[in-house]
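1. One predicted model, sequence on top.
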Amino acid sequence: MSAAEHPRHALDDVIHAPVRFSVMATLAAAEEAEFGFVRDGVQVSDSVLSKTVTALERAGYVEVRKGYVGKRPRTWLRLSEPGRRAFDAHVAALRAIAEGRALSAG
């Protein structure tokens with residue numbers, strides 16, 4: 001992207017949907033988070049979060065780990081390194097739009 005292009009061109013369509021963005025933001029603030037914590041924090045149902053995580057996992061942005069706490073199954077979520085980079089770039093583009101400036105190339 002050249003320095004003269006509008007920063008909207010740097011927005012990531014996978015992340016841009018409000019629930020996906022909210023999940024990514026929640027995970028960006030932690031090394032790893034339990035499914036229920038993310039669900040409650042983003043205020044969505046299990047089904048909505050599950051579909052959202054599947055989309056983000058397919059894009060390579062989220063990693064899912066399953067295990068147990070005692071006898072209870074648990075699912076933990078974390079941003080992958082590409083997911084963290086994509087989120088940071090998306091946020092930078094949003095900031096550039098909000099500040100009315102073009103993104104620098106590179």
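-> All right, it came through fine.
2. Contact partners for the closest residue to E34 other than its chain neighbours?
-> Closest residue to E34 in three dimensions, ignoring its sequence neighbours and counting by C-beta to C-beta, 6 or more residues apart in numbering: W76, at 5.6 Å. For the C-beta atoms, the positions are set from N, CA and C on the backbone; glycine is no exception. By C-beta atoms under 8 Å, 6 or more residues apart in numbering, the contact list for W76 reads E32, A33, E34, F35, V64, R65, K66, G67.
3. Within its sheet, name the partner strands of the helix or strand encompassing W76 and how each one runs.
-> For W76, the element it lies in under DSSP states H and E is strand 72-79. According to DSSP bridges, strand 72-79 forms sheet pairs with strand 33-34 (antiparallel), strand 62-69 (antiparallel).
4. P82 is nearest to which of those?
-> Proximity to P82 (C-beta to C-beta) singles out strand 62-69 among the strands paired with strand 72-79, at 10.0 Å.
5. Could you list the residues in contact with that closest one?
-> 23-24, 27, 32, 53, 56-57, 73-80, 83.
6. List buried residues within the residues you listed.
-> V23, M24, L27, V53, L56, T75, W76, L77, L79, S80, G83 (16 or more other C-beta atoms under 10 Å).
7. Quick check: the gap between the closest residue to the fourth one other than its chain neighbours and R101.
-> Read that as V53. Leaving aside its sequence neighbours, V53 sits nearest to V62 (C-beta to C-beta, 6+ apart; 5.8 Å). Distance check for V62 against R101: by C-beta to C-beta, to the nearest Å, it reads 30 Å.
8. now swap in H9 and tell me
-> Counting by C-beta to C-beta, the gap from H9 to R101 is 14 Å.
9. List only buried entries from the contacts of W76.
-> Using 16+ other C-beta under 10 Å, the buried members of the contacts of W76 are A33, F35.
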